[in-house]
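Enquirer: sequence and predicted model, in that order:
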Amino acid sequence: MACLITGRCLTKAMVNRHLCVFVGLLLIVIVYLKTWSNIFPFPLEYATQNLRRYRTSRLTSHPSLTGEAHHHIAYLKVHKTGSSTAQTLFMRYGMDRNLTFVVANNKSWFPNIISLNDTVISGYNIIPPPHGHHYDILCFHVVYNRSAFEGIMPKDTKYIGIVREPFLQFQSTLRYFNPETVFGDGRNLSTYLKSPKLFENPKEISFTNNRMAYEFGFPAPLFQFYDSLKVEQYLEKLGKEFDFVIINEYMEESIVVLRRILNWNVKDVLFITKNISSKKPTIDDADLNERKLYHRYAKLDYALYDFFLERFWQQIYIYGQDILKEISYFKSLRRTVEHFCITTPGKGLDVESSPWSAPFRITFEDCRRMLGPEFWYYTQIMRRQYH
């Protein structure tokens, strides 16, 4: 028998039983943590595992840290990726500097959407810039096509995109649209994921068939027949064409990198989160089998996300320790500003100087613009550019 300090003794059978329970609980915890990390890769672990590979990876040039601020931006606003948060930065920046936006020639539906299934087409789905001006910023919904974008944007345009973990993007789509339009009457998510293509109408615009890849302009045949070589080739093409792609799960980190690439001030990139669902994703929100089924279906979206997630950590690594300090500073400052704007914006908030910024002041007007919805910005842009 084995005796405890208390003097109570355990038989060998009891010891073995307790040991089995302990080992079982330990295994459950290990499996849980492993599963969670597969769904949401932790930054430090992910970066550490890949730093050695990053030394010789695709991105070899050091992002710009000096020079003039970049005013010409083409932002690919991808549906249900948290894209409105970043879009507000570009609209606010452009309005403050009287820049010219690409806007939709569209009066039959949402006027802030250029196209759900096509790229920009001069003389068709976009309004020409005012006389004597050229476009400076593109940030409304449209499908990416490099040659079409280059046809309307200045040569020194910075190309920015955004992606989100595919299953979370899919869940967000389902919360936004009526599920019956996706599944049909009497069907559920599991039924849909077992044979998704049975529920896709080829004559209608799909928001569930690798939608992120669609808006990034992936070749149409890849949606029917996945070809890993052609997918890799197209991703390499995107990697050369986009200066930066924001990762939704690391929004604040992404915005700090974006600030450095664009040479903007810290005040320019402060934001208040937009269109956030009150239901936060957890490990219990989706059956792991459903994730597995969706991963099998959304191969293009997962390839796209993994490619730019890797590239994102590479860019963080290139900047070194200094950017980690700025990220910590920015997170703290952003939360302070968000709280201030929501609670007491009328008083004004003075922000002291930092290694990354001169001192500045947040006013009521600054808060109003950070909180402004997309349609408010669209109305202001149209009034200023064309009236």
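Expert: Right, received. Where do you want to start? Remember, predicted model here, so these are calculated numbers, not experimental data.

Enquirer: list the contacts for residue 221?
Expert: residue 227 (CB atoms under 8 Å, 6 or more residues apart in numbering). For every residue, glycine as well, the C-beta is placed using N, CA and C.

Enquirer: and what of residue 226?
Expert: Taking CB under 8 Å, 6+ apart, we find residue 226 in contact with 299, 300.

Enquirer: tell me the pLDDT of the closest residue to residue 68 other than its chain neighbours.
Expert: Spatially, and ignoring its direct neighbours in sequence, residue 68 is nearest to residue 263 (6.6 Å; CB to CB, 6 or more residues apart in numbering). You'll see residue 263 listed with a pLDDT of 97.

Enquirer: burial count for residue 263?
Expert: For residue 263, the count of nearby residues is 16 (other CB atoms under 10 Å).

Enquirer: surely it and residue 93 touch.
Expert: No. Counting by CB atoms under 8 Å, residue 263 does not reach residue 93; the two are 11.9 Å apart.

Enquirer: helix, strand, or coil at residue 74?
Expert: When classified by DSSP: H, G, I helix; E, B strand; the rest coil, residue 74 comes out as strand.

Enquirer: oh, and call the first residue 54 from now on, that's how I've got it
Expert: Renumbered: residue one is now 54, and that last one reads residue 127.

Enquirer: give the contact list for it.
Expert: Counted by CB under 8 Å, 6+ apart, residue 127 has contacts 190, 191, 202, 206, 210, 211, 212, 213.

Enquirer: those in helices, which ones?
Expert: Under the assignment DSSP state H, the contacts of residue 127 contribute residue 202 to helices.

Enquirer: which one of the contacts of residue 127 is nearest residue 180?
Expert: Minimum distance to residue 180 across these is 12.4 Å, recorded for residue 191 (CB to CB).

Enquirer: could you check how far the closest residue to the closest one other than its chain neighbours is from residue 148?
Expert: Spatial nearest neighbour of residue 191, chain neighbours left out: residue 155 (4.2 Å); criterion: CB to CB, 6+ apart. Going from residue 155 to residue 148 by CB to CB, to the nearest Å gives 14 Å.

Enquirer: for the strand or helix carrying residue 226, what is the distance to the chain centroid?
Expert: Element membership of residue 226 [criterion: DSSP states H and E] is helix 219-229. Chain-centre distance of helix 219-229: 13 Å, with CA atoms, centre = their mean, to the nearest Å.

Enquirer: buried residues in it, which are they?
Expert: 219, 220, 221, 222, 223, 224, 225, 226, 227 (16 or more other CB atoms under 10 Å).

Enquirer: with stretch 408-416 instead?
Expert: For stretch 408-416, the buried set under the neighbour-count rule, 16+ other CB under 10 Å, comprises 409, 410, 413, 415.

Enquirer: picking up where we left off before, measure the residue nearest to residue 121 to residue 120 for me?
Expert: With distances taken as CB to CB, residue 316 is found 6 Å from residue 120.

Enquirer: next, count neighbours for residue 283.
Expert: Neighbours around residue 283, by other CB under 10 Å: 14.

Enquirer: state the distance from it to residue 354.
Expert: Going from residue 283 to residue 354 by CB to CB gives 16 Å.

Enquirer: from the contact counts, what lies against whichever strand or helix holds residue 353?
Expert: Using DSSP H and E, residue 353 falls within helix 352-372. If you count contacts as 3 or more CB pairs under 8 Å, 6 or more residues apart in numbering; DSSP states H and E, helix 352-372 packs onto helix 96-107, strand 211-216, helix 219-229, helix 264-268, helix 281-294, strand 297-300, helix 304-315.

Enquirer: rerun that using 6 Å as the cut-off
Expert: helix 96-107, helix 219-229, helix 264-268, strand 297-300 (3 or more CB pairs under 6 Å, 6 or more residues apart in numbering; DSSP states H and E).

Enquirer: which residues touch the second one?
Expert: Under the criterion CB atoms under 6 Å, 6 or more residues apart in numbering, residues 133, 134, 260, 330, 334, 344, 347, 351, 354, 355, 358 lie in contact with helix 219-229.

Enquirer: which residue sits closest to the first one in space, ignoring its chain neighbours?
Expert: Of all residues beyond its chain neighbours, the one nearest residue 133 is residue 225 (4.1 Å), with distances taken as CB to CB, 6+ apart.

Enquirer: what mean pLDDT does the strand or helix carrying residue 388 get?
Expert: According to DSSP H and E, residue 388 maps onto helix 374-396. The average pLDDT within helix 374-396 is 96.

Enquirer: just checking, next helix/strand downstream of it?
Expert: Next along the chain after helix 374-396, taking DSSP H and E as the criterion, comes strand 402-404.

Enquirer: so what strands line up beside that next one?
Expert: strand 413-415 (antiparallel) (DSSP bridges).
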